[in-house]
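Student: pasting the structure only:
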């Protein structure tokens, strides 16, 4: 057993996170980074704790930025965009969502996230374009049809919304799994 192996610390940090022990998880991620300061995934995971467990979006942005400086990954940009969105920094959120798509054009999730951003901004045609792209990339993901339906509701397009809710229902085996 190598006590300096970052893998063990990462696994333990993940368990601490699952148990709601954020402070202990953060300590393990700090240990990982003391052993390997270029561990972008540890920075990402630590940022996730700041973002979701502590709702410290500014600190999360700092961590995602460090991860991006080490390794440009769509996931890091998308996560950072979500923090900018939470802080209502619309321009930076849009830039990061777009950068995530540029880095991985085949990731439907990045298109979905940017579409939600566009829907929030009432840029419905842009939202629909992103959701249609996501649907082409993953036609069996009920969540995409659900998101399309939600966007049509915001536009008062009830029939189109019903069609996409129906598609979402048909794509699930258990309709109780639909998101709120």
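Tutor: Received it, and whenever you're ready, just let me know what you need. Note that this is a predicted model, so its numbers are computed, not measured.

Student: ok, now how distant is residue 34 from residue 11?
Tutor: 17 Å (Cβ to Cβ, to the nearest Å). Quick note: C-beta positions are derived from backbone N, CA and C, even for glycine.

Student: which regions of the protein sit below the pLDDT cut-off?
Tutor: Counting by pLDDT under 70, the low-confidence segments of the chain come to 1-3, 173-180.

Student: what segments of it are helices?
Tutor: 6-18, 22-35, 40-48, 57-70, 74-86, 90-103, 108-120, 124-137, 142-154, 158-171 (DSSP state H).

Student: now tabulate those helices in CSV and tack on mean neighbour count.
Tutor: Listed next are these as CSV, based on neighbours: other Cβ atoms under 10 Å:
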stretch, mean neighbour count
helix 6-18, 17
helix 22-35, 18
helix 40-48, 22
helix 57-70, 20
helix 74-86, 23
helix 90-103, 18
helix 108-120, 23
helix 124-137, 19
helix 142-154, 21
helix 158-171, 15
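
Student: how far away is the residue sitting nearest the centre point of the chain from residue 64?
Tutor: The centroid of the chain falls nearest to residue 79 when counting by Cα atoms, centre = their mean (4.9 Å). Distance, residue 79 to residue 64, using Cβ to Cβ: 6 Å.

Student: common neighbours of these two, please.
Tutor: 44, 47 (Cβ atoms under 8 Å, 6 or more residues apart in numbering).

Student: burial count for residue 106?
Tutor: 11 (other Cβ atoms under 10 Å).

Student: what's the closest non-adjacent residue to it?
Tutor: The shortest distance from residue 106 to any non-neighbouring residue, by Cβ to Cβ, 6 or more residues apart in numbering, is to residue 137 (6.1 Å).
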